[in-house]
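# okay, predicted coordinates and the sequence, questions at the end:
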Amino acid sequence: MPEREPPAWIWLKDRLSRLRMPVAPVPVADEAGSAVVRTAVVTDSAAALPADWVSAFSADGRLAVVPMPVMVGEEIFGEGEDDITQTLAVALAAGASVKTSRPSPGQFEQAYLAAQRRGFESVISIHISSALSGTVDAARLAAERVDIPVQVVDSLTVGMAQGMGVQSAVVASAAGQPVDEVRVFAQQRMERTKVYFYVPSLEQLRRGGRIGAAASLLGTVLSIKPILAVDGGRIVPLEKVRSAVRAVARLEEIVAADVASRPPGQARLALHHFGNPAEAESLAARLAAKCRDCPPAQISSLPAVLAAHAGLGVLAVIVGESSTPGS
């Protein structure tokens with residue numbers, strides 16, 4: 001089933017396309033004669049950005065996504081470089097060894113140097129929560145090796161919650177905001193973004209050390225189906241539900257309540273799944289009926305680097321807000 005992109009994001013891409021920079025940018029002066037700071041944005045594939053969105057804004061160097069490696073058995077795949085969805089799904093179903101790792105500092109160094117060669121004056125580098133991955137540390141090591149100023153941001157989140165922060169940074173940069181304001185705006189948007197999710201089994205999260213053994217045992221022995229969230233950069237249990245059907249229904253209720261608590265027309269939704277697209281579509285349809293002031297959710301398969309830990313059947317809903325500065 002194809003990924004779906006809401007009309008609001010189509011509008012955003014159209015707006016940014018008119019601000020696209022030339023291949024070799026030169027400083028542009030504003031009305032006061034001061035040079036406009038040009039800031040490139042770097043992230044990792046855990047941001048779960050839509051592929052066509054990445055293609056649209058990476059061509060001129062304003063955005064770079066560094067792939068995160070996924071190891072299935074003895075093979076290493078690069079997220080975004082290799083088509084590993086089916087291989088990963090089969091491995092998860094069979095209980096085979098699946099591991100993930102951080103990108104190397106050298107990969108980030110190359111991304112920063114590429115931005116410098118394209119004429120950018122600074123870089124904002126936004127990454128998966130440091131409590132879930134060592135990616136931020138690799139980015140910081142790389143930042144120390146290059147001459148171009150790099151501000152590394154720990155998103156304290158994951159998936160499209162991180163991705164919405166990246167999009168906000170791209171928008172703010174395109175609007176000509178100074179690098180510090182680009183960073184602050186992206187951080188504010190990520191702080192306002194929530195991740196709620198349900199997994200049929202906690203085993204993969206336990207194997208990867210993303211949730212404690214006690215919580216995993218609770219789910220296995222007592223058939224508890226917890227709804228989880230990301231809080232302070234870590235995965236935490238939010239509620240305990242007795243059945244899968246009730247867990248998905250409760251997830252829907254939590255998301256709808258979150259959307260209702262935000263300023264009218266400001267909420268944005270993204271929905272991730274892995275191996276269960278029909279279930280994701282059904283959930284998105286029910287949320288659309290309940291959240292009429294919110295654009296349709298963008299639906300996408302969870303990136304392999306996250307699916308490796310969440311497992312098959314995951315449903316994750318991200319609630320964020322508009323990426324337009326001043327809104």
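Sure thing, it's come through. Everything numeric here is computed off the predicted structure, so don't read it as measured data.
# can you tell me the strand partners of the helix or strand containing residue 124 and which way each runs?
Per DSSP states H and E: residue 124 is located in strand 122-127. Applying DSSP bridges, strand 122-127 is found paired with strand 39-44 (parallel), strand 150-154 (parallel).
# tell me which of these is the most buried.
Mean neighbour count (mean count of other Cβ atoms under 10 Å) peaks for strand 39-44 among the strands paired with strand 122-127, with a mean of 29. C-beta: built from backbone N, CA, C; applies to glycine.
# what are the contacting residues of that strand?
Contact partners of strand 39-44, identified using Cβ atoms under 8 Å, 6 or more residues apart in numbering, comprise 49, 61-68, 103, 108, 111-112, 115, 118, 120-128, 135, 139, 162-163, 166, 169-170, 173, 179, 182.
# after that strand, next one along is what?
Later in the chain than strand 39-44, the nearest helix or strand by DSSP H and E is helix 51-58.
# helices of this structure, start to end?
Shown for the chain, the helices assigned by DSSP state H span residues 7-17, 51-58, 85-94, 105-117, 135-143, 160-174, 179-191, 203-207, 213-221, 244-260, 277-290, 304-310.
# who does the fourth one touch, helix- and strand-wise?
Think helix 105-117. Using 3 or more Cβ pairs under 8 Å, 6 or more residues apart in numbering; DSSP states H and E as the contact test, the elements touching helix 105-117 are strand 39-44, strand 63-66, strand 122-127, helix 135-143.
# okay, those in TSV with mean pLDDT and distance to residue 73 next?
Output for these, formatted as TSV (pLDDT from 0 to 100; distance: least, Cβ to Cβ, whole Å):
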stretch	mean pLDDT	distance to residue 73
strand 39-44	97	23
strand 63-66	96	23
strand 122-127	98	27
helix 135-143	98	23
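# most packed of those?
Comparing the helices and strands packed on helix 105-117 by mean neighbour count (mean count of other Cβ under 10 Å), strand 39-44 comes out on top with a mean of 29.
# any weak-confidence spans in the stretch 151-300 of the chain?
203-223 (pLDDT under 70).
# distance between the ends of stretch 124-136?
End-to-end distance of stretch 124-136 (Cα to Cα, to the nearest Å): 12 Å.
# distance from it to the middle of the chain?
Stretch 124-136 sits 11 Å away from the centroid of its parent chain (Cα atoms, centre = their mean, to the nearest Å).
# now do stretch 244-251
23 Å.
# dump the helices and strands packed on helix 105-117 to JSON lines, plus distance to residue 92.
JSON lines is the format used below for those (distance: least, Cβ to Cβ, whole Å):
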{"stretch": "strand 39-44", "distance to residue 92": "21"}
{"stretch": "strand 63-66", "distance to residue 92": "23"}
{"stretch": "strand 122-127", "distance to residue 92": "24"}
{"stretch": "helix 135-143", "distance to residue 92": "22"}
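# any chance of a markdown table for the strands paired with strand 122-127, columns distance to residue 89?
Converted to a markdown table, the strands paired with strand 122-127 look like this (distance: least, Cβ to Cβ, whole Å):
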| stretch | distance to residue 89 |
| --- | --- |
| strand 39-44 | 22 |
| strand 150-154 | 30 |
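# I appreciate the help and will end here.
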